[in-house]
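A.B. asks: pasted the sequence and its predicted model underneath.
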Amino acid sequence: MTGKEDISMSLNASSGLALKVISKIGVLLVFSALAIFLLAGINIITSNVGWWLSGAFLFLFGGSYLFLNHYYKNALPGIKNNGVWQHSLTARGVFAWLLGIVLTGFYVLLYWYPQYLGLANAGQFNTGLISLFDPFSYFLKQQPASQWFVYGVCYTVAILIMGIKFIIKYRHNRYQVIRTISVMFFQTILAFLLPEILQSLKLPYNDFKNAWPLNYYFFDGWHIDEMLHNGTFGIFVLVWGILLSFFITPILTYFYGKRWYCSWVCGCGGLAETAGDPFRQLSDKSLRAWNIERYLIHAVFVFVVLMTPRVVYTYFTGVSKILFLDTYKMREWYGFLIGAAFSGVVGVGFYPLMGSRVWCRFGCPMAAFLGFLQKHFSRFRITTNGGQCISCGNCSTYCEMGIDVKWYAQRGQNIIRSSCVGCGICSAVCPRGVLNLENGPSDKRYNNPITINENGIQLNKF
Amino acid sequence: MKIEHTQPYENFFWEKNKIDLLQKFVTHVDTKSKCVVFADGAKLNYDALIIASGSVPNKYGWPGENLNGVQGLYSLQDLQLLEKNAPTAKRAVIVGGGLIGIEAAEMLRSRNIAVTFLVREKLFWNNVLPQQESQMISNHIKQHHVDLRLQTELQEICDDGNGNVNAIVTKGGERINCEIVLLTAGVRPNIDYIRSSDIATNKGILVNDYLQTNIEDIYAIGDCAEVANPCDGRRKIEPVWYTGKLMGEVVANTICGKPMKYNPGIWFNSAKFFDIEYQTYGTVPSILPDNMYWFYWQHPHTK
């Protein structure tokens, strides 16, 4: 492209996507930041790490801002999904596989081989990538960094940067903007900063929005002990945790559907909605996938529901062998299979291959619990404006949960699905204003407010 | 999006519901012996026949309208042809300012192909939309870097000597170089293969209130049907998706033994022009009758 301003509406079209100098600088800064992480990872950067880390963050945020601002600045507000099925990264091409391998590899190191990320043995100093984060960790809680601290920082940065991108992309849509600010807030304050501050105050780590059963260790013996041995604060954590899971969750889900958690509050959802947005179209919409989903997610839920009372029983009685199974073994296997392998390695590592909600859709026991409430005890539904659907398929394509939204819309049927996280993208991409996320009386949810059929248009009274 | 995203049902649907899909061209309907005749000579008997053959893009006998690179945009095959033509094209000319034309413009712009849009009226869709709405959408089209040419008509399409299009000439005598020409000046019922039968036709296949043709057990629905006595505010031929869908529901009732009249109620429609979502309920005239007035409001911060 020439530097000449494109004012013509004719001849060679201006390309909003071509890289101008300013966006090239942005890309350069982002790659410099990644280079700093890499150099630290292979122990080339070992001194002045505080400066290097600050520089990396500055480059990451600054570079992303320069690039994104330019990328979207010239584009009018509106849905921007052009070419997602043509680009290698977003259409399961070579770049998608590369990113998938890198992410999966990172999670494997994080969970099982943190020493390769530079985690020190007791009494020694961190090296590699983890040592790069030591100054920041000391600043927040006067302790060296752990692999979980590094993970927490990276996770939060990813949600913030990709959240800003999401907000710019959907700036015409108030629901999307507010929802994204919400997930950015809950991740940064409740999931990241507050637990770190608690630790600096010598209180136990706690993420106040992480509810059982997603938080599967809440009723573990060591966690109950921790809560009971930390005075008023510990009791508060215990009471709040029980309230959140068994009172607040059903009540909010009754009024708003599971979206209040899955696409407004949850950290897994937060990452899926922001960093995962470029991959949402990859979720499988087939009936086969839905069948697998139903068996898998409910199996995980049953696993948690069977495990938790056993864990509590074992805590109070000290008996760990119940009905041939050892509680500690069961707990260990859940942590390995579900807590680490499924939610982490597969859940995020497979974003570029299976879409952004693999974990939320196939594995999350919290989603199963919320979904059950949403399907049977909720005022939430997506209405279809009397079946004005033209079967264009945009809604199904961009549904991250793999719901074939169009199947309902083209029959003018309300959409009530336990898996729907209420992200509202189906409504945003619908070219005809057909889909609307609504809360209303729960007893007549399956009836449509408007029907347009062979009898003409009817406004139905509830 | 991919083809499977645009299919109303997954492929297993048809077999599961005991529906045989035959992919063949029908060349003749024999109403006496109640069978359809295919292009390959095979025949298929029917008890009830529902004709839903849709539309074809209008061509008005423009010179060069059959050159390579000149096409309509109606079927999957048209889309595949466009995918084939698009990668090497620098500029496309779209002839005819309606809904298909603007969608074609949007598609081509998404691939960074320059678009010149020839519109006969003094504003985009001015024969359907009221003046101010027409103006707003015309402005919006220009903001999306489409070279919108109002009150401009096609004179001829030029051959590069090898049977491919390389330019068009407007009625004003201007020559515009291009590699693709999209003819989007409306559609007409696709019923040429019906004319050899004794099914009554006008512009479309004539049907009564039950969507039945002049022959018992033969029905016509969708774009190809012409309703002889439409209800108030409705046109005889309405080539839009939802009327086709309603007609399908009505005729399904009828052939299953519950005769049902087609009554679509008041006119409504929706469309999308790049980023503008448009909905209309009831008839909004493009030219104002004496006893009516328009109310038009636009947010002061929008263009």
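C.D. replies: Happy to help now that I have it. Here the structure is a predicted model, which means the values were calculated and not measured. Numbers count the residues shown, from 1 in each chain, chains lettered A, B, ... in the order given.

A.B. asks: the stretch 101-250 of chain B: strands as residue ranges?
C.D. replies: For the stretch 101-250 of chain B, the strands defined by DSSP state E, counting those that start in this stretch occupy B:114-118, B:147-149, B:154-159, B:165-170, B:175-177, B:180-183, B:187-189, B:205-207, B:218-220, B:225-227.

A.B. asks: nearest residue to the spatially most central residue of chain B other than its sequence neighbours?
C.D. replies: The structure's chain B has its C-alpha centroid closest to residue B:187; by C-alpha atoms, centre = their mean the separation is 4.8 Å. Nearest non-adjacent residue to residue B:187, counting by C-beta to C-beta, 6 or more residues apart in numbering or on different chains: residue B:55, 3.6 Å away. In this view, the C-beta of every residue, glycine as well, is placed from N, C-alpha and C.

A.B. asks: before we move on, what about residue A:353?
C.D. replies: Nearest to residue A:353 is residue A:100, by C-beta to C-beta, 6+ apart, at 5.1 Å.

A.B. asks: could you list the low-pLDDT ranges of chain A?
C.D. replies: A:1-19, A:448-462 (pLDDT under 70).

A.B. asks: again, only this time at 80
C.D. replies: Applying pLDDT under 80 to chain A flags the ranges A:1-20, A:73-75, A:323-324, A:386-387, A:443-444, A:446-462.

A.B. asks: show me it divided up by domain.
C.D. replies: Residue ranges for each domain of chain A read A:15-75+A:113-207, A:380-459, as given by automatic domain parsing.

A.B. asks: pLDDT below threshold where in chain B?
C.D. replies: Where chain B drops to pLDDT under 80, the residues are B:301-303.

A.B. asks: could I have stretch B:199-206 exported to CSV, CA atoms only?
C.D. replies: Coordinates of the C-alpha atoms in stretch B:199-206 are reproduced here as CSV (Å, rounded to 0.1, in the frame of the first residue of the first chain):
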residue,chain,number,x,y,z
ILE,B,199,-50.4,-26.3,-16.1
ALA,B,200,-51.7,-22.7,-16.3
THR,B,201,-49.0,-20.0,-16.0
ASN,B,202,-48.8,-16.3,-16.3
LYS,B,203,-45.5,-14.8,-15.0
GLY,B,204,-45.5,-17.6,-12.5
ILE,B,205,-47.5,-20.8,-12.0
LEU,B,206,-51.0,-19.7,-11.3
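
A.B. asks: now do the buried residues in it.
C.D. replies: Neighbour counts over stretch B:199-206 (16 or more other C-beta atoms under 10 Å in any protein chain shown) mark B:199, B:201, B:204, B:205, B:206 as buried.

A.B. asks: what of stretch A:408-425?
C.D. replies: A:408-410, A:412-425.

A.B. asks: same check on stretch B:31-46?
C.D. replies: In stretch B:31-46, counting by 16+ other C-beta under 10 Å, buried: B:31, B:34, B:35, B:36, B:37.

A.B. asks: centre of the chain to that stretch, how far?
C.D. replies: Put simply, stretch B:31-46 sits 28 Å off its chain's centre (C-alpha atoms, centre = their mean, to the nearest Å).

A.B. asks: and what of stretch A:233-250?
C.D. replies: Put simply, stretch A:233-250 sits 22 Å off its chain's centre (C-alpha atoms, centre = their mean).

A.B. asks: before we move on, back to that, wait, the residue nearest to residue A:353 sits on residue A:348?
C.D. replies: No: look at residue A:100 against residue A:348 with C-beta atoms under 8 Å: they stay out of range, at 9.8 Å.

A.B. asks: the two: which has the busier surroundings?
C.D. replies: With neighbours defined as other C-beta atoms under 10 Å in any protein chain shown, residue A:100 and residue A:348 compare such that residue A:348 has more, 23 against 19.

A.B. asks: tell me which element that one is part of?
C.D. replies: Using DSSP states H and E, residue A:348 sits in helix A:347-349.

A.B. asks: what about the residue of the stretch 101-250 of chain A found nearest chain B, how many residues nearby?
C.D. replies: Residue of the stretch 101-250 of chain A nearest chain B, by C-beta to the nearest C-beta: residue A:172 (7.4 Å). Neighbours of residue A:172 under the rule other C-beta under 10 Å: 13.

A.B. asks: likewise residue A:275?
C.D. replies: By other C-beta under 10 Å, 21 other residues sit near residue A:275.

A.B. asks: ok, now which ones touch the residue nearest to it when sequence neighbours are not counted?
C.D. replies: The spatially closest residue to residue A:275, leaving aside those adjacent along the chain, is residue A:162, at 4.2 Å (C-beta to C-beta, 6+ apart). If you count contacts by C-beta atoms under 8 Å, 6 or more residues apart in numbering or on different chains, residue A:162 has them with A:274, A:275, A:277.
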